[in-house]
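Peer 1: Take this sequence and fold it.
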Amino acid sequence: MIELSNIDNKKKIRILFIHPNPRPEWTKDKSFIWFPMGLAYVVDAVRRAGYDFHILDFQVNPMSDEELKVFLTKESFDVVGIGALSNSYYIVKPILELVREMLPNALILGGNSVAASKPELFITKTEADVAVVGEGEKTVVELLDRLASGRDLCGVNGIVHFVNGKIINEEKRPPWKNLDDRPFPDWGMFDINAYVESGSKHKNVRLFTYLREHKPFLINTSLGCPFRCTFCYNSLYYENNPLRFHSAEVLVKEIKYLRDKYGINFFIFLDELTWTTPRIAEPLVDVLIEADLNIKYEASVRVGFLNKGDEDFAKKLKKSGCHHLSYSLESGSEKILKIMNKKIKISRFKEQKRILDEVGIISSTSLVLGYPEETVATLKETFDVCYECNIYPSVGFLVPLPGSIIYEQAIKNGWITNEEEYFLGIKDRQFLDINMSEISNKEIMDTVFEGLKKIRDKLKLNITDKQLIFQTIIKKENDLTNEEVGILKDATSADAIESKSGSFLTTG
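Peer 2: This is a model prediction of the structure:
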C-alpha cells in the first residue's frame with residue numbers, strides 16, 4: 001500500500017485506465033468483444049475534468065505480461081484504474097500485481113462489481129488501494145481533484161480505502177437523479193469500429209444471426225432496477241440504485257449521432273431494465289416512430305411488461321424498430337419464483353410471449369437453475385413452460401454472485417468457505433460449479449438435457465447435443481477439460497440458428 005505523499009501533486013497527474021479481457025481465448029479474432037460502457041463513462045468524466053489519460057483496452061489490443069511490462073517501463077503513471085465484473089477477479093488480480101511491480105508508487109483504483117461487490121476483500125487481497133463503489137464518474141473525478149490539490153481521500157463519498165492501515169468505508173455517493181445530466185461518453189476514446197465490427201461477425205450459437213445483417217452497438221437508456229431478486233448482485237444497491245431513464249429526445253439525438261457518424265443501425269439497449277410498463281416505454285417509442293431513423297433495437301423488460309389488451313401497443317413497438325425483447329422466466333415453478341423474490345407470474349410470461357409472437361418481435365428468456373429448494377419436479381416444470389411457449393431458453397445455473405442475498409446464504413451454509421478462492425474460481429453461469437440443491441449433479445444435468453432436447457426437436461433447431469448448454473469458457477486454456485475444449489470448438493464454429501417459429505436460440 002502506498003502513501004498519498006508519494007504522489008508529487010505539483011505535477012500534472014498521469015492516469016492509466018485498463019480494460020481487462022476476461023475471455024482471451026474467445027477474442028483472438030475480435031468476434032466476441034463488448035464495449036466497456038461503465039469504464040467509458042468514467043474515462044469521459046475524467047476527460048471533461050481536464051486530466052490527461054491513456055487507455056489500454058485488452059479486448060481490442062491484447063498484451064502479454066512482458067509487453068505490459070515494457071509499456072509500463074517506458075511510461076509513468078500516477079494513478080491506475082481498472083474495472084471488471086466479479087468473474088474477472090482471476091485476471092484482474094495478476095494484472096494489478098504486475099502494475100504494482102512496475103509502478104510501485106501509483107495509486108490503484110478498482111471499480112465495477114469486481115471491486116464493489118466485496119470492497120474490503122478487494123483492497124486487502126489485491127494491490128488496489130481504493131475500491132470505487134456505485135456509479136463512479138463523480139467519485140473518480142473528486143478523487144483526482146483531491147490528489148491534484150495535495151489533499152487526502154478522507155470524505156470522498158463512494159470509496160473504500162485504507163487510512164493509517166485501517167479500512168474506511170466512506171459514505172455512499174448518491175446516484176445520478178436525472179440521467180439527461182449524465183453526458184454520453186466520447187465514443188471515439190475507444191476503437192469503436194472494432195466493437196461495431198465485432199458485433200456484426202459473431203460466429204457462435206450464443207448470439208443471434210440477425211446481428212450479422214446490421215452494424216450493432218450498445219447504448220444505455222436507463223440505470224438501476226427497483227427489484228431485489230435474491231440471485232442478483234443488484235440487491236447490494238437496492239436502496240441506492242433506483243430505476244432512472246433518459247428522456248426520449250436525448251436518447252434519439254444520441255442514436256441519430258451514432259448512426260450518422262459510425263453507420264450503426266442496430267442498437268442494443270444495455271440496461272438492467274429498459275422498461276417496466278408500456279406507459280414508460282411509449283415516449284421513446286413515439287419519438288422513434290416520428291424520427292423514422294431506419295434503425296432496429298433490442299431491449300430488456302420484465303415478465304408482465306405486456307398483458308392482454310396491450311396488442312396495439314405491441315404493434316407500435318414493432319413499428320418503432322423493436323426487433324427483440326429479452327425477459328427472464330428464471331424458473332417455471334411458482335415455488336422457486338417466490339423464493340427468488342422474482343415477483344412475476346408464469347401466466348403473464350405466456351401471455352407476453354403470445355403477444356410478441358403475433359406482432360413479430362423476437363423473444364428470448366433465461367433460466368437460473370439449482371436453487372437450494374430445486375427438485376427434479378421443479379426443473380421439469382420450467383422446461384415444460386418453455387416447451388409450451390416455443391422458446392429455447394438460455395440455461396444458467398445458480399452462481400452465488402458476491403453482493404447478492406444468495407451469496408450470503410452460501411457463506412452461511414458453508415457452500416463457500418474461502419471467499420478469495422471462490423472469487424478466483426467464479427465461472428460463467430453455464431457451469432454447474434456449486435450445487436446448493438439436494439439433488440445430484442447428474443439428476444440436474446439429465447433433466448436439463450432432456451428438457452432442452454425436447455424443445456430443440458419441437459422447434460426443429462439445428463443444435464448438437466454439445467451445444468444444448470452453451471459453455472462460455474473464461475478459464476485459462478490449460479485448465480480446460482477435454483470435454484470443455486470440445487464444447488468450445490463446436491460452439492465457436494457453429495452458426496446461430498433461427499427457428500421456424502420465430503424464436504431464436506439464445507443460449508448463455
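
Peer 1: can I see the domain layout of this protein?
Peer 2: Here the domain assignment for the chain is 4-169, 200-493, based on automatic domain parsing.

Peer 1: closest to Phe184 out of the ones you listed?
Peer 2: Closest approach to Phe184 among the domains of the chain is made by domain 200-493 (5.1 Å; C-beta to C-beta). (Each C-beta comes from the backbone N, C-alpha and C, glycine too.)

Peer 1: What average pLDDT does that closest one get?
Peer 2: Domain 200-493 shows an average pLDDT of 88 in the prediction.

Peer 1: spatially speaking, which residue is in the middle of the protein?
Peer 2: In the chain, the centroid-proximal residue (C-alpha atoms, centre = their mean) is Leu85; its distance is 7.4 Å.

Peer 1: give me phi/psi at that residue?
Peer 2: Geometry field for Leu85 lists phi and psi as phi -80, psi 160, criterion degrees, to the nearest 10.

Peer 1: Just list the residues touching it, thanks.
Peer 2: Leu85 is in contact with 22, 112-114, counting by C-beta atoms under 8 Å, 6 or more residues apart in numbering.

Peer 1: Distance check, it against Asn462.
Peer 2: Here the distance between Leu85 and Asn462 works out to 32 Å (C-beta to C-beta, to the nearest Å).

Peer 1: circling back: export the domains of the chain to JSON lines and append columns for distance to Phe190.
Peer 2: Output for the domains of the chain, formatted as JSON lines (distance: least, C-beta to C-beta, whole Å):
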{"stretch": "domain 4-169", "distance to Phe190": "6"}
{"stretch": "domain 200-493", "distance to Phe190": "11"}
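
Peer 1: Looking at the ones you listed, which is nearest to Asp181?
Peer 2: domain 200-493 (10.0 Å).

Peer 1: any idea how far the residue nearest to Asp433 when sequence neighbours are not counted lies from Val376?
Peer 2: In space, and not counting its chain neighbours, Asp433 is closest to Lys427: 5.2 Å by C-beta to C-beta, 6 or more residues apart in numbering. Counting by C-beta to C-beta, the separation of Lys427 from Val376 is 24 Å.

Peer 1: Number of residues surrounding Glu358?
Peer 2: 12 (other C-beta atoms under 10 Å).

Peer 1: isn't it right next to Asp312, touching?
Peer 2: No: the criterion here is C-beta atoms under 8 Å, and Glu358 misses it with Asp312 at 11.2 Å.

Peer 1: Now do stretch 256-269: everything it contacts.
Peer 2: With contacts defined as C-beta under 8 Å, 6+ apart, stretch 256-269 is touched by 187, 192-193, 196, 199, 210-211, 214-222, 255, 291, 293-300, 323.

Peer 1: Quick one: mark the members of those residues that sit in strands.
Peer 2: Counting by DSSP state E, the contacts of stretch 256-269 place 216-219, 222, 296-300, 323 in strands.

Peer 1: between the residues you listed, which is nearest Glu443?
Peer 2: For those, the closest approach to Glu443 (C-beta to C-beta) belongs to Ser300, at 31.7 Å.

Peer 1: And the helices in the stretch 1-150 of the chain, which stretches?
Peer 2: 37-48, 65-74, 89-102, 113-116, 119-125, 137-148 (DSSP state H, counting those that start in this stretch).

Peer 1: right, I mislabeled it, should have said the stretch 301-450 of the chain
Peer 2: Using DSSP H, counting those that start in this stretch, the helices of the stretch 301-450 of the chain run over 311-319, 334-340, 346-359, 376-389, 405-412, 419-425, 441-459.

Peer 1: Give me the distance between Phe305 and Arg146.
Peer 2: 43 Å.

Peer 1: Just list the residues touching Pro22, thanks.
Peer 2: Contacts of Pro22 by C-beta under 8 Å, 6+ apart are 84-85, 87-88, 91, 474.

Peer 1: give me that answer again for 10 Å
Peer 2: 58-59, 84-85, 87-92, 114, 428, 472, 474 (C-beta atoms under 10 Å, 6 or more residues apart in numbering).

Peer 1: Most neighbours of all those residues, which one?
Peer 2: Val114 (29 neighbours).

Peer 1: So the nearest residue to Ala291 once chain neighbours are set aside versus Phe245, what's the distance?
Peer 2: In space, and not counting its chain neighbours, Ala291 is closest to Val252: 5.3 Å by C-beta to C-beta, 6+ apart. According to C-beta to C-beta, Val252 stands 13 Å off from Phe245.

Peer 1: Now the common contact residues for these two.
Peer 2: Leu284.

Peer 1: For the two, indicate the residue with more neighbours.
Peer 2: Comparing Val252 with Phe245 by other C-beta under 10 Å, the one with more neighbours is Phe245, at 23 against 18.

Peer 1: Without its sequence neighbours, what residue ends up closest to that one?
Peer 2: Here the residue nearest Phe245, using C-beta to C-beta, 6+ apart, is Ser222, at 4.8 Å.

Peer 1: got a list of what the nearest residue to Val114 once chain neighbours are set aside touches?
Peer 2: Closest residue to Val114 apart from its sequence neighbours, by C-beta to C-beta, 6+ apart: Ala84 at 4.4 Å. The contact partners of Ala84, by C-beta under 10 Å, 6+ apart, come to 18-22, 36, 38-39, 91-92, 95, 110-115.

Peer 1: Model confidence for Ala84, exactly?
Peer 2: 95.

Peer 1: go on, Pro119?
Peer 2: Here, the pLDDT recorded for Pro119 equals 96.

Peer 1: what sits against it?
Peer 2: Contacts of Pro119 by C-beta under 10 Å, 6+ apart are 110, 128, 130-133, 159-161, 167, 169, 403.

Peer 1: can I get those residues in JSON lines with distance to Phe397 and neighbour count?
Peer 2: Shown next, in JSON lines, are the contacts of Pro119 (distance: C-beta to C-beta, whole Å; neighbours: other C-beta atoms under 10 Å):
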{"residue": "Gly110", "distance to Phe397": "27", "neighbour count": "27"}
{"residue": "Ala128", "distance to Phe397": "30", "neighbour count": "29"}
{"residue": "Val130", "distance to Phe397": "33", "neighbour count": "27"}
{"residue": "Ala131", "distance to Phe397": "28", "neighbour count": "27"}
{"residue": "Val132", "distance to Phe397": "30", "neighbour count": "27"}
{"residue": "Val133", "distance to Phe397": "28", "neighbour count": "26"}
{"residue": "Ile159", "distance to Phe397": "33", "neighbour count": "31"}
{"residue": "Val160", "distance to Phe397": "30", "neighbour count": "21"}
{"residue": "His161", "distance to Phe397": "35", "neighbour count": "25"}
{"residue": "Ile167", "distance to Phe397": "33", "neighbour count": "13"}
{"residue": "Asn169", "distance to Phe397": "32", "neighbour count": "12"}
{"residue": "Gly403", "distance to Phe397": "18", "neighbour count": "19"}
